[in-house]
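> structural data only, the sequence is not supplied:
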């Protein structure tokens, strides 16, 4: 008890030690304890948010190492813009859509409708924690589209994803008023969807967005086709320029996951939450280790069968570990450690299978984000419906009305797939919602010409194309390509200047002050003319 509180109680009772004085002391001690607990929770939130936000560094390093040197600066810029755009989008409308609205958990809403621009938000630490998750979802997409996506497109889909698409998913599953949430007084089918830290909310949302985007965007130049557009018998390997950066990024992401999963306990002072957070940390570690080992050795066996030589692929180990982290995220609080090892093992298989399947159907994922985040996000949701243990559900969610399928016979005496059904329903909702919004959006971006960088920009590298200079990767670009790019830009600047200097006529359209405005149709023709020259160069190189 503080000295100030003791003096206040003494003064209020005239210095006498009586029943009123003792009640005042007890009341003051209770208030101070509650304040200490609240401060501890706030600090736990901030620390967890910092760890999750630090994962942005991991994503940046992983993406930087996975791309060619001529695209590093562009990739770094996009990762940094993710954090900035997500902060502004989540501040303005994202948080309101995700968690604003009534506090009546019996009332279901599709989107929140209060707390725009953080109005009347008292829990600043909670806002920071949720913002870090939103930023993570957007960053997943950046790696998949690396080396060929325009800056305008990136800014557009990043704002839409973090400001509208992701918040709707978060509201449905994590808000007390969501129709899938397990935190409602009347949850879906008596249990709701269990996604403790975001296998579905964060990773499936980001992963399915990345899949839709890369299908429309198309592969990197030379990945599946030669210079004349003829299909290649085998995909051309396009390894990143730095394995060291990829490993560094993997370790940073693994470290940050200890804020992602244990931090989702949301407190460590009330009830069993401290034990829940500790279990999450253990399961996170085991699933990552199991998946990484599974992926690298399974790939070794496959390569040895195909080529006769055993090869230890460090990329398989890194992405396998990340796949295990994604897979355990949904059920880290409700499964036992041995189940975490099993989930990681299957996660490694799922990752490797998905990665090979993408190559088979000729979908180009620059960093294998789709197998890691989408495929294993789905597996994480399903595994929770299979392996959620009654005692752990009670500790984390205060209910064991419906448990994992493999525990249901022991728990209720009959097979109960209710929780599994909730998990599958939630998975379908996420995929359907993202598809409904983002697929037409990407088609529109592609239609207006804002989505993909043109062939010459892609070949010389986006660092030169968008940032005025390379990050040291000039040596890997043929000099004639750089010359062709500079000539193309020079011609475009010259044509624009001529149109602006012309009043009316076929080259320009007069503006409101009599000065000619750029003609969009002429701009498109200029780009086609420049690309035609580039295609001629490529066909004779």
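The structure has been received and is ready for your questions. Since the model is a prediction, treat every value here as computed from it, not as a measurement.

> all strands of the stretch 251-400 of the chain, in order?
Under the criterion DSSP state E, counting those that start in this stretch, the stretch 251-400 of the chain contains no strands.

> where in it is pLDDT low?
Along the stretch 251-400 of the chain, the model assigns pLDDT under 70 to residues 267-271.

> and if we set it to 90?
Counting by pLDDT under 90, the low-confidence segments of the stretch 251-400 of the chain come to 264-274, 306-311, 398.

> now the most centrally placed residue in the chain: how far from residue 373?
Within the chain, one residue has its C-alpha closest to the average C-alpha position: by CA atoms, centre = their mean, that is residue 137, at 2.2 Å. When CB to CB, to the nearest Å is the yardstick, residue 137 and residue 373 sit 9 Å from each other. Where you see a C-beta, it was placed from the backbone N, CA and C, and this is true even at glycine.

> and residue 221, backbone torsions?
Backbone dihedrals for residue 221, given as degrees, to the nearest 10, come out at phi -60, psi 130.

> residue 227 should be in a strand, yeah?
No. Assessed by DSSP: H, G, I helix; E, B strand; the rest coil, residue 227 does not belong to a strand; its assignment is coil.

> can you report how many residues neighbour it?
Applying other CB atoms under 10 Å, we find 15 residues neighbouring residue 227.

> same question, residue 433
17.

> run through the residues that contact it.
165, 168-169 (CB atoms under 8 Å, 6 or more residues apart in numbering).

> repeat the analysis, applying 7 Å as the threshold.
For residue 433, the contacting residues are 168-169, by CB atoms under 7 Å, 6 or more residues apart in numbering.

> give me the local confidence score for it.
Looking at residue 433, its pLDDT is 97.

> how about residue 504?
The predicted structure scores residue 504 at 52 on the pLDDT scale.

> now residue 97. Nearest residue, chain neighbours left out?
With CB to CB, 6 or more residues apart in numbering as the measure, residue 167 is the residue that lies nearest to residue 97, at 3.6 Å, once sequence neighbours are left out.

> outside of the one helix or strand that neighbour maps to, which residues touch it?
With secondary structure defined by DSSP states H and E, residue 167 is part of helix 166-174. Residues from elsewhere that reach helix 166-174 (CB under 7 Å, 6+ apart): 94, 97-99, 110-112, 134, 137, 178-181, 193, 195, 200-201, 205, 426, 429-430, 433.

> what do you get for stretch 194-206?
Taking contacts as CB under 7 Å, 6+ apart, the residues outside stretch 194-206 that touch it are 133, 136-138, 140-141, 165-166, 169-170, 173-174, 182, 260-261, 264, 326-327, 329-334, 373-374, 377-378, 380-381, 384, 388, 396, 419, 423, 426-427, 430, 434.

> and if you look at stretch 328-342?
Contact partners of stretch 328-342, identified using CB under 7 Å, 6+ apart, comprise 194-200, 203, 260-261, 276, 279-280, 282-284, 286-287, 290, 343-344, 380-381, 383-384, 387-389, 392-393, 396.

> so what would you say the end-to-end distance of that stretch is?
Here the two ends of stretch 328-342 are set 10 Å apart, with distance taken as CA to CA, to the nearest Å.

> what bits of the stretch 401-541 of the chain have low per-residue confidence?
In the stretch 401-541 of the chain, residues with pLDDT under 90: 409-414, 453-541.

> re the thing from before, quickly find the element holding the residue nearest to the centre of the chain.
helix 124-144.

> now that helix: average pLDDT?
If you average the per-residue pLDDT over helix 124-144, you get 91.

> tell me how many other residues crowd residue 46.
Using other CB under 10 Å, residue 46 has 15 neighbouring residues.

> any idea how far it is from residue 311?
As it turns out, when the distance is counted by CB to CB, residue 46 lies 44 Å from residue 311.

> could you do residue 188 as well?
Distance check for residue 188 against residue 311: by CB to CB, it reads 47 Å.

> and the helices in the stretch 301-450 of the chain, which stretches?
Assigned helices in the stretch 301-450 of the chain, in chain order: 314-329, 337-360, 369, 376-387, 390-397, 405-412, 418-447 (criterion: DSSP state H, counting those that start in this stretch).

> does residue 366 really touch residue 146, like I thought?
Yes. Proximity of residue 366 to residue 146 meets the contact threshold set by CB atoms under 7 Å, at 4.1 Å.

> what sits in contact with each of these two?
With CB under 7 Å, 6+ apart, residue 366 and residue 146 have common neighbours residue 67.

> tell me the contacts of residue 182?
191-194, 397.

> neighbour-wise, which of these leads?
The most neighbours of any of the contacts of residue 182, using other CB under 10 Å, belong to residue 193, which has 31 neighbours.

> surely that residue and residue 421 touch.
No. If you go by CB under 7 Å, residue 193 and residue 421 don't touch, sitting 9.8 Å apart.

> thinking again about what came up before, between the contacts of residue 182, which sits nearest residue 453?
The shortest distance between residue 453 and any of the contacts of residue 182, using CB to CB, involves residue 193 and amounts to 38.7 Å.

> quick one, phi/psi of the closest one?
Dihedral angles of residue 193 (phi, psi; degrees, to the nearest 10) stand at phi -90, psi 130.

> could you shift the numbering so residue one becomes 437, and keep it that way?
OK, 437 is where the count begins now, so the last one is residue 629.

> distance of it from residue 837?
14 Å.

> got it, and residue 809?
From residue 809 over to residue 837 the distance is 30 Å, taken as CB to CB.

> more neighbours: the two, which one.
Counting neighbours by other CB under 10 Å for residue 809 and for residue 837 shows that residue 809 has the greater number, 30 against 18.

> and the gap between the more buried one and residue 530?
Between residue 809 and residue 530 the distance, using CB to CB, works out to 20 Å.

> and residue 654, by the same measure?
When residue 654 is compared with residue 530 (using CB to CB), they lie 30 Å apart.

> ok, residue 708 next?
Distance of residue 708 to residue 530, computed by CB to CB: 31 Å.

> who has more neighbours out of these two?
Under the neighbour definition other CB under 10 Å, residue 708 and residue 530 were set side by side, and residue 530 has more, 28 against 14.

> is it true that that one touches residue 598?
Yes. Checked against CB under 7 Å, the pair residue 530 and residue 598 is within contact range at 5.6 Å.

> overlap in contacts of these two?
Overlap of the contact sets of residue 530 and residue 598 (by CB under 7 Å, 6+ apart) consists of residue 570.

> ok, longest helix in the protein?
helix 455-502 (DSSP state H).

> buried residues in the helix or strand just after it?
Per DSSP H and E, helix 455-502 leads on to helix 508-525 as the next helix or strand towards the C-terminus. By 16 or more other CB atoms under 10 Å, the buried positions in helix 508-525 come out as 508-515, 517-519, 521-523, 525.

> what residues does helix 508-525 touch?
Defining contact as CB under 7 Å, 6+ apart, one finds that helix 508-525 is touched by 492, 495-496, 499-500, 503, 567, 570-571, 574-575, 578, 582, 590-591, 594-595, 598-599, 898-899, 902-903, 907.

> centre of the chain to it, how far?
Averaging C-alpha coordinates over helix 508-525 and over its chain gives two centres that are 13 Å apart (CA atoms, centre = their mean, to the nearest Å).

> by how many degrees do it and helix 560-580 diverge?
What separates the directions of helix 508-525 and helix 560-580 is an angle of 150 degrees, with axes from the mean of the first three to the mean of the last three CA atoms, to 10 degrees.
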